[in-house]
Every structure is written in C-alpha cells, then in structure tokens.
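>>> Sequence plus predicted model, see below.
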Amino acid sequence: MVPMIEGLRWFIRVAECGSFSAVAREAMTNQVAVSRRINLLESQFRVTLFRRSTRNLALTDEGRAFLGHARRILREVDALETEIHGNDSTHGGHVRIGTTNMFGLHLARSLPDFHRHHVGITVEMILSDGFVNMIEDGLDLAMRTGQVMETTTVARHLGDVPRHLVASPSYLADHSAPVCVADLQHHDCVLFSYGATRQIWNIDGEAVRVSGTYRTNSSLAQHEAVRNGMGISLFPCFQVEADIKSGDLVRLLPDIPMESIPFYVTYPGNQTLAPRVRKVMNWVATEAKALTDALPDRNG
C-alpha cells in the first residue's frame, strides 16, 4: 500500500506539471523512474492515465477522474496520520540531519523555537561541507547544494541562493579591485576544495578559471581566510551579508550576476517519511525560505 500512495503523489505532480521531465527535475531523479511509477499505476488499475506524444502530455478522461480520487485519498491518508499521531506524546523521536556548516549554524539559532513546539523530537545535525552518504551515515534528511546526483533519494527544492564575490579591505589595499570578470584570473582566490570543478567559477554566463595560494574543504575556514586578507572568493549571500554591512568585506563586481546555488533537502526514496521527519523537513524548508527572503538584494 505504501508504494501505491507514493505513486499517487507522483501521479498528482505529473498531472499538475504536465511533464514527466519536470517532475523528474523536481525530485532530482530521472524521467524513466517517474514514467515507471505511472506505468505501475496504469497497470494496477488497468487504465490509461495520460495521452503521450513527443510534444504533449495530457490527462485522459479516466486520468482526470483518477486525479480527483487520488487527491481525496491522499487527503484522507494525511488526515489519518494527523489523527493517529497529532496528539500522541510518542509521536516524537530522533532525527539525524546532514547539512552544510553555514546552514547548520543558522538552524542551530532557531532550534530553541522548534523544540518549544515539538517537545518530543530530538534533532542531531551532522555538519559537513562535503558529500555525506545518507545510508552509510544513517541520515533521515540531508541538505544538498548544486546538482543532486543520487538516484535513490527524493529531493525537495528549497530555493536558489544568490552569491556575492567579496574580498577584505586589507586585500584590496594591496591589490587593485577587479573591474571585469577576466581580471579574476590575475587575483589570489580562496578556493573551496571539494570537487575538482570548484576552481571554475560561473559568473555572468562565463566559466572563469581561478587560482590561489589557499584552498580548504571548510566554508568556515574559507570565510575566515577571506576576512583576514587571503584573497577573493564567492559565498552564499547569507554568509557574508553581515560582513558587507559592517565593512569587514567589500562586495566586488556588484552589477555582474553571479551563479546562484540550488538548495535541496533530500530523503531516501524507498521509504515513507515518519511524521517526526516530515516535521523537521518542513521546519528546515521554512528556515531556508526565511533566510533567502531576508536577503536585501537577490539579483545582483
């Protein structure tokens, strides 16, 4: 029954998006996996849900009727879950989250408020700026930035985080500020060393190869190095906004668009989320939205 319910959720999203590929991108899986889910439903109920062509995907009459039933079934399932667990003191439990260092710090600040509303849930955060394996590390949820490569997880897109190019006043006192993207090739850049492609920065649609005398796999160490004059680097806006306001860092090339970072929360795709995990995931999503909404300039 659980796989069928998950299949219904995917069917509803395909019907709403009108595209297998759009749902695949949303879930960070491949189009074949989405199509297979729909095929299983059609086989089980012996009905054709969509009319498919190379350019169009549309619900059949039976599919439209099925959509109404599917939505009603899921409302009942969600209501049942709430009725069973909503006022149950045993509804809590332990939730392990893997997240980046900087977002983990942000979550830690809002943990007291979360626990006031969810007394029975304990949260353990595993902080790392590198890749963490959900299965091997026993994680219920994992935060991902950039492209999610795992095919065994479901990804919920939380938003796109703009980035700022910055340097410290002390660095700029010894080096002229870049006036165009090409100038970055002649500057000392502080690099994040996880993954070989991190020496390529995508700025204004241009891939720029940068280099420097210092690199690290820690966003916190990267941040401190730039604040102390080691060079220029790219950071998520929320990580350096306060430094820019205080004058500890200077924003460079502010009129040139920097590549934003897609931000996701993921969970294993072969299981239904426990209520406690879903509550934590919703909290994480709310905090991510609050963080990006608070940014004064999201376009530059």
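Thanks, I have the structure now. Numbering: from 1, shown residues only.

>>> The closest residue to Gly159 other than its chain neighbours: what's it in contact with?
Nearest residue to Gly159, sequence neighbours excluded (Cβ to Cβ, 6 or more residues apart in numbering): Thr292, at 4.9 Å. For the C-beta atoms, the positions are set from N, CA and C on the backbone; glycine is no exception. By Cβ atoms under 8 Å, 6 or more residues apart in numbering, the contact list for Thr292 reads 159-161, 238, 298.

>>> wait, doesn't Gly269 sit right on Asn30?
No - Gly269 lies out of contact with Asn30 (Cβ atoms under 8 Å); the separation is 11.7 Å.

>>> Work out which residue lies at the spatial centre of the protein.
Tyr264 (1.5 Å; Cα atoms, centre = their mean).

>>> That residue: which element?
strand 261-268 (DSSP states H and E).

>>> list the helices and strands that strand packs on?
strand 141-145, strand 153-161, helix 275-293 (3 or more Cβ pairs under 8 Å, 6 or more residues apart in numbering; DSSP states H and E).

>>> pretty sure Ala24 contacts Gln31?
Yes - here Ala24 reaches Gln31: they are 4.5 Å apart, a contact under Cβ under 8 Å.

>>> Which one's more surrounded, those two?
Comparing Ala24 with Gln31 by other Cβ atoms under 10 Å, the one with more neighbours is Ala24, at 19 against 14.

>>> Give the full set of residues in contact with the residue located most distally from the centre of the chain.
Residue farthest from the centre of the chain, counting by Cα atoms, centre = their mean, is Asp174 at 37.3 Å. Asp174 makes contacts with Gly229, as judged by Cβ under 8 Å, 6+ apart.

>>> same question, Asp137
96, 98, 126.

>>> Just the buried positions in whichever helix or strand the second one is part of, please.
Right, the one you point to is Gly98. Taking DSSP H and E as the definition, one finds Gly98 inside strand 93-99. Residues of strand 93-99 classed as buried: 95-99 (neighbour count, 16 or more other Cβ atoms under 10 Å).

>>> who touches that strand?
107, 120-128, 132, 134, 137-143, 274, 276-277, 280, 284.

>>> and the next element down the chain from that strand?
Taking DSSP H and E, what comes next after strand 93-99 is helix 101-117.

>>> what packs against that following helix?
Helix 101-117 packs on strand 121-127, helix 219-227, helix 237-246, helix 275-293, going by 3+ Cβ pairs under 8 Å, 6+ apart.

>>> Return the most buried member of these.
Counting by mean count of other Cβ atoms under 10 Å, helix 219-227 has the highest mean neighbour count of the helices and strands packed on helix 101-117, with a mean of 19.

>>> For that one, output the C-alpha coordinates as PDB.
Provided in PDB are the C-alpha atoms of helix 219-227 (Å, rounded to 0.1, in the frame of the first residue of the first chain):
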ATOM      1  CA  SER A 219      33.300  27.000   4.300                       C
ATOM      2  CA  LEU A 220      34.000  28.400   7.800                       C
ATOM      3  CA  ALA A 221      37.800  28.400   7.200                       C
ATOM      4  CA  GLN A 222      37.300  29.800   3.700                       C
ATOM      5  CA  HIS A 223      35.300  32.600   5.200                       C
ATOM      6  CA  GLU A 224      37.900  33.400   7.800                       C
ATOM      7  CA  ALA A 225      40.700  33.400   5.300                       C
ATOM      8  CA  VAL A 226      38.900  35.900   3.100                       C
ATOM      9  CA  ARG A 227      38.100  38.100   6.100                       C
END
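
>>> can you tell which of the helices and strands packed on strand 261-268 is closest to Thr48?
strand 153-161 (25.8 Å; Cβ to Cβ).

>>> Make JSON lines out of the helices and strands packed on helix 101-117 and add distance to Leu40 and mean pLDDT.
Shown next, in JSON lines, are the helices and strands packed on helix 101-117 (distance: least, Cβ to Cβ, whole Å; pLDDT from 0 to 100):
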{"stretch": "strand 121-127", "distance to Leu40": "33", "mean pLDDT": "92"}
{"stretch": "helix 219-227", "distance to Leu40": "41", "mean pLDDT": "95"}
{"stretch": "helix 237-246", "distance to Leu40": "41", "mean pLDDT": "93"}
{"stretch": "helix 275-293", "distance to Leu40": "24", "mean pLDDT": "86"}
